[in-house]
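Trainee: predicted model follows, preceded by the sequence.
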Number of protein chains: 2
Amino acid sequence: MTESVHDYMNRLGRAAREASRVVARASTAQKNRALQAAAAALDAAREELAEANRKDLENGRGNGLDEAMLDRLALTPARIDDMIEGLRQVASLADPIGEIRDMRYLPSGIQVGKMRVPLGVIGIIYESRPNVTIDAASLCLKSGNATILRGGSEAIHSNQAIARCIQLGLAEAGLPAAAVQVVETTDREAVGRLISMPEYVDVIVPRGGKSLIERISRDARVPVIKHLDGVCHVYIDEAADLDKAIRVADNAKTQRYAPCNTMETLLVDAAIAERVLPPLATIYHDKGVELRGCERTCALLGGAVTAAVEDDWFAEYNAPILAIRIVDSLDAAIEHINHYGSHHTDAIVTENFTRARRFLTEVDSSSVMVNASTRFADGFEYGLGAEIGISTDKLHARGPVGLEGLTSEKYVVFGDGHIRT
Amino acid sequence: MTESVHDYMNRLGRAAREASRVVARASTAQKNRALQAAAAALDAAREELAEANRKDLENGRGNGLDEAMLDRLALTPARIDDMIEGLRQVASLADPIGEIRDMRYLPSGIQVGKMRVPLGVIGIIYESRPNVTIDAASLCLKSGNATILRGGSEAIHSNQAIARCIQLGLAEAGLPAAAVQVVETTDREAVGRLISMPEYVDVIVPRGGKSLIERISRDARVPVIKHLDGVCHVYIDEAADLDKAIRVADNAKTQRYAPCNTMETLLVDAAIAERVLPPLATIYHDKGVELRGCERTCALLGGAVTAAVEDDWFAEYNAPILAIRIVDSLDAAIEHINHYGSHHTDAIVTENFTRARRFLTEVDSSSVMVNASTRFADGFEYGLGAEIGISTDKLHARGPVGLEGLTSEKYVVFGDGHIRT
């Protein structure tokens, strides 16, 4: 094209900024209508979607993508169903925008409270899965934000086909086309520009592998809502109920291996290790989970476990591998979690009220749990209705990020000609 | 010193990180005791404080600081009183840490809510006023954070004398000395390092001139809670009560000229301009405020006003100068504010419910007001009890930042052996 990537991105940015003001004041009904109409458009465009996806899959095969990548890229009929269902679910969520809370009279006579407002323009950078286009666009739209979506070049045709359905939805509701824009160039410079125009983009949400997220966090000139690692722990306290401990430790590791909220290290108090570890080792063995233990764990479990090295305590395996460490106290468990963990999600299993309370207070993670599986750390399980990611940062959004994480609050002040004296 | 600045800052950082874990779980009583004891120590150290401050003032004069700088640097007995009173006020505030809210049962049977927690380690970078040392340290301590304070080199002796009082307070309460650390080198490299060690510092709060804040925001590798400009507006709607309009527009400009929440541009609806501007012009004239108006304002007010140029609409005068523009509608006023303003604080004066509502919704500023002076945008006036600054950013804290802005929330999950299926 004759337009430079820099100018192209500026144009998208300017249009997004303008559109964001319209979307910010759109009514709930109008936003829901756009979401429902986009769902209907997806349903009507199944053939075009399949055709566009076929192109991406062919190119992907030609470019030597592996089977896992191709699988993530595929838009099967079931996945199209999921996208349609997702749009309808977001439409059914309560609108967070405009909520006014805590209006209180102050001694001066003014009344002060807060109003929930959109962030403005959100840039989403993601890899192969085309369904992210719908997920991200629908959450941003419902929360009154404009979006610029930059998917992977391998999914460009699929993403553009999906974007056309979103455009139909926006038009149907009388909302500006620039409320949701898909970057149409595969030039890498587009990402560099997207993350460095604070005048047009308020926040970046990267979704993908750790190296992508690290690179974007390092280079971005605007705030980034991000999730890096999920090194989650379950600590079985000496006062744990044996049955609950086994159920939670089993589920946290084996319900699914890949998610970020899966347990990677099991900590067991020395006082209960002999009772809880042998039955757990049998369960893990039957499910094909490789165990890597500290010295005491190896001594207790013998051949069922290999020796863990220092790196194992930092590892996010995302695989049927589990590190196990026997510790002498709650203090040692908390110390281990805060040092080796990723501040994502950690659980204690105990019947002891005081130690449960200490664990909740002192473990510095985005989710802290008592007698529940770490696998619950999820926007849907937490009742947020949706999730754009899980933030392990402390500022702004922490933990699963739903609609509210895509908003901000401003102060509202009412007076009757009040002046400051 | 033989230790490099880099190593010195790393040492402070490590110590702060360790201390932050202790302060995070300190009881309310313990934190308050440290604050009260520091207040007593300040009261007992008036002579040492005066002596240290004398050194800074002498050096300042030798280095050619101007009178305004020397005034900001001076620790008068009244300012020491203010610091002591400030510590006692922070001690009297409710402790935000540990508050658990919204614990709700979800369909799976788990109970989910949020707990308020400290951010961790806060780096404060500020210029000449030594009282910031007390303000910042007390707010950070009360909110359970460790602090690293980097004041201006011109105030180094004063800041160190104040820091010794804080140390006495921490010791009295059994809290670690590293909970509040003052950077003891005046080497500029110390700032560079402080803003780029995310492993030790969670957030930076710069306080000072715009160029300092811009530089830190650009270079920081950790999140920054900042406030850049205060270009605040009052819009007098056609349905304004004349008396309220005049009181608010007078107060917003003339109560004090320097603060960031002072009005810099007055917008007046054309339908009311002839009634409201002449009496206002008289008031401003009597108070020595220079007026710069749009063409229509000049035509209406004649010689009392000079012609404004484009730059006047962007200007934060912090001085007895006011830009005035006559607009044709609420839409034009909102458009002007969102384009030329700094998203700080803007007010409408009107008796019309629908236009008040639109102004609140559509003006994209950290504080939006109806029939009240912009001068109210302040942590104390909003009932926060204290203020570390006013944020014009949208993420995390927006508007006046009190104790809550120095905290985060984590998810808390209670179960009874619950697992995900």
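Mentor: It's in.
Trainee: what about the longest helix in chain A?
Mentor: helix A:5-24 (DSSP state H).
Trainee: can you name every helix or strand that it contacts?
Mentor: strand A:111-118, strand A:121-126, strand A:146-150, strand A:180-182, helix A:189-194, helix B:353-362 (3 or more CB pairs under 8 Å, 6 or more residues apart in numbering or on different chains; DSSP states H and E). Yep, even glycine has a C-beta here, placed from its N, CA and C like the rest.
Trainee: would you turn the ones you listed into a markdown table with distance to B:Ala37, mean pLDDT and mean neighbour count?
Mentor: Output for these, formatted as a markdown table (distance: least, CB to CB, whole Å; pLDDT from 0 to 100; neighbours: other CB atoms under 10 Å in any protein chain shown):
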| stretch | distance to B:Ala37 | mean pLDDT | mean neighbour count |
| --- | --- | --- | --- |
| strand A:111-118 | 33 | 97 | 21 |
| strand A:121-126 | 47 | 95 | 27 |
| strand A:146-150 | 52 | 97 | 27 |
| strand A:180-182 | 57 | 96 | 25 |
| helix A:189-194 | 51 | 95 | 20 |
| helix B:353-362 | 44 | 97 | 18 |
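Trainee: now the angle from the longest helix of chain A to helix B:353-362?
Mentor: Here helix A:5-24 runs at 140 degrees with respect to helix B:353-362, directions being taken by axes from the mean of the first three to the mean of the last three CA atoms, to 10 degrees.
Trainee: following the chain past helix A:5-24, name the next helix or strand.
Mentor: Using DSSP states H and E, the helix or strand that directly follows helix A:5-24 along the chain is helix A:28-44.
Trainee: tell me the secondary structure at the closest residue to A:Ser153 other than its chain neighbours.
Mentor: Of all residues not flanking A:Ser153 in the chain, A:Thr186 sits nearest, at 3.6 Å (CB to CB, 6 or more residues apart in numbering or on different chains). Under DSSP: H, G, I helix; E, B strand; the rest coil, A:Thr186 falls in the coil class.
Trainee: okay but A:Thr186 is in contact with A:His157, surely?
Mentor: No - shown here, A:Thr186 and A:His157 do not form a contact pair, counting by CB atoms under 8 Å, at 10.8 Å.
Trainee: could you dump the helices and strands packed on helix A:5-24 to JSON lines with distance to B:Ile213?
Mentor: Formatted as JSON lines, these follow (distance: least, CB to CB, whole Å):
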{"stretch": "strand A:111-118", "distance to B:Ile213": "24"}
{"stretch": "strand A:121-126", "distance to B:Ile213": "23"}
{"stretch": "strand A:146-150", "distance to B:Ile213": "27"}
{"stretch": "strand A:180-182", "distance to B:Ile213": "32"}
{"stretch": "helix A:189-194", "distance to B:Ile213": "25"}
{"stretch": "helix B:353-362", "distance to B:Ile213": "28"}
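Trainee: picking that back up, and the longest helix of chain A, average pLDDT?
Mentor: In this model, helix A:5-24 has a mean pLDDT of 96.
Trainee: residues of it that come out buried?
Mentor: Neighbour-count burial for helix A:5-24, counted by 16 or more other CB atoms under 10 Å in any protein chain shown, picks out A:5, A:8-10, A:12-13, A:15-17, A:19-24.
Trainee: for stretch A:137-157, same thing?
Mentor: Going by 16+ other CB under 10 Å, stretch A:137-157 has these buried residues: A:137-157.
Trainee: likewise for stretch A:252-259?
Mentor: A:Ala252, A:Lys253, A:Thr254, A:Gln255, A:Pro259.
Trainee: can you tell me the SS state at the second one?
Mentor: Following three-state DSSP, the label given to A:Lys253 is helix.
Trainee: find the residue closest to it in space, skipping its chain neighbours.
Mentor: On the basis of CB to CB, 6+ apart, the spatially nearest residue to A:Lys253 that is not a chain neighbour turns out to be A:Met263, at 4.8 Å.
Trainee: do the third one as well
Mentor: With CB to CB, 6+ apart as the measure, A:Lys287 is the residue that lies nearest to A:Thr254, at 5.1 Å, once sequence neighbours are left out.
Trainee: quick check: phi and psi on that neighbour?
Mentor: Per-residue torsions, A:Lys287: phi -90, psi 0 (degrees, to the nearest 10).
Trainee: now it: how far from chain B?
Mentor: 14 Å (CB to the nearest CB, to the nearest Å).
Trainee: my guess is that residue meets A:Leu322, correct?
Mentor: No - here A:Lys287 does not reach A:Leu322: they are 10.3 Å apart, not a contact under CB under 8 Å.
Trainee: between these two, who's got more neighbours?
Mentor: Set A:Lys287 next to A:Leu322 and count neighbours by other CB atoms under 10 Å in any protein chain shown: A:Leu322 wins out with 29 against 12.
Trainee: assumed the more buried one was part of a strand.
Mentor: Yes - assigned with three-state DSSP, A:Leu322 falls within a strand.
Trainee: burial check on the residue nearest to A:Lys253, number of neighbours?
Mentor: A:Met263 has 28 nearby residues by other CB under 10 Å.
Trainee: pretty sure it sits against A:Gln255.
Mentor: No - using CB under 8 Å, A:Met263 makes no contact with A:Gln255, being 9.7 Å away.
Trainee: from the stretch 151-300 of chain A, which residue is nearest to chain B?
Mentor: Closest to chain B within the stretch 151-300 of chain A is A:Lys244: 3.2 Å, counting by CB to the nearest CB.
Trainee: so what pLDDT did that residue get?
Mentor: 98.
Trainee: quick one on the thing from earlier: of the buried residues of stretch A:252-259, closest to A:Gly293?
Mentor: Among these, A:Lys253 lies closest to A:Gly293 (CB to CB), at 13.9 Å.
Trainee: looks to me like A:Ile216 is in a helix.
Mentor: Yes - assessed by three-state DSSP, A:Ile216 belongs to a helix.
Trainee: so it touches A:Pro206, yeah?
Mentor: Yes - with contact defined as CB under 8 Å, A:Ile216 counts as touching A:Pro206 (4.5 Å).
Trainee: more crowded one of those two?
Mentor: A count of neighbours by other CB under 10 Å puts A:Pro206 above the other of A:Ile216 and A:Pro206, at 25 against 21.
Trainee: any idea how far the strand or helix carrying the more buried one is from the chain center?
Mentor: Secondary structure from DSSP H and E places A:Pro206 in strand A:203-207. Its chain's C-alpha centre and that of strand A:203-207 lie 10 Å apart, by CA atoms, centre = their mean, to the nearest Å.
Trainee: show residues contacting that strand.
Mentor: A:119-120, A:122-127, A:132, A:136, A:194-195, A:212-213, A:216-217, A:220, A:222-226, A:388-389, B:394-395 (CB atoms under 8 Å, 6 or more residues apart in numbering or on different chains).
Trainee: in ChimeraX, how would I select the buried members of those?
Mentor: Selection of buried members from the contacts of strand A:203-207 for ChimeraX, criterion 16+ other CB under 10 Å:
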select /A:119,120,122,123,124,125,126,127,132,136,194,195,212,213,216,217,220,222,223,224,225,226,388,389 /B:394,395
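Trainee: helices and strands around the longest strand seen in chain A, which ones?
Mentor: Ranked by residue count and defined by DSSP state E, the top strand of chain A is strand A:407-418. Here strand A:407-418 touches strand A:100-105, strand A:111-118, helix B:242-254, strand B:367-372, strand B:399-401, going by 3+ CB pairs under 8 Å, 6+ apart.
Trainee: among those, which is nearest B:Ala177?
Mentor: Shortest separation from B:Ala177 across these is recorded for strand B:399-401, at 26.2 Å, computed as CB to CB.
Trainee: quick one: list the elements packing against the closest one.
Mentor: Contacts defined by 3+ CB pairs under 8 Å, 6+ apart place strand B:399-401 against strand A:407-418, strand B:389-391.
Trainee: and the ones you listed, which is most packed in?
Mentor: With neighbours taken as mean count of other CB atoms under 10 Å in any protein chain shown, those reach their highest mean count in strand B:389-391, at a mean of 23.
Trainee: off-centre distance for that one?
Mentor: With CA atoms, centre = their mean as the basis, strand B:389-391 stands 3 Å off its chain's centre.
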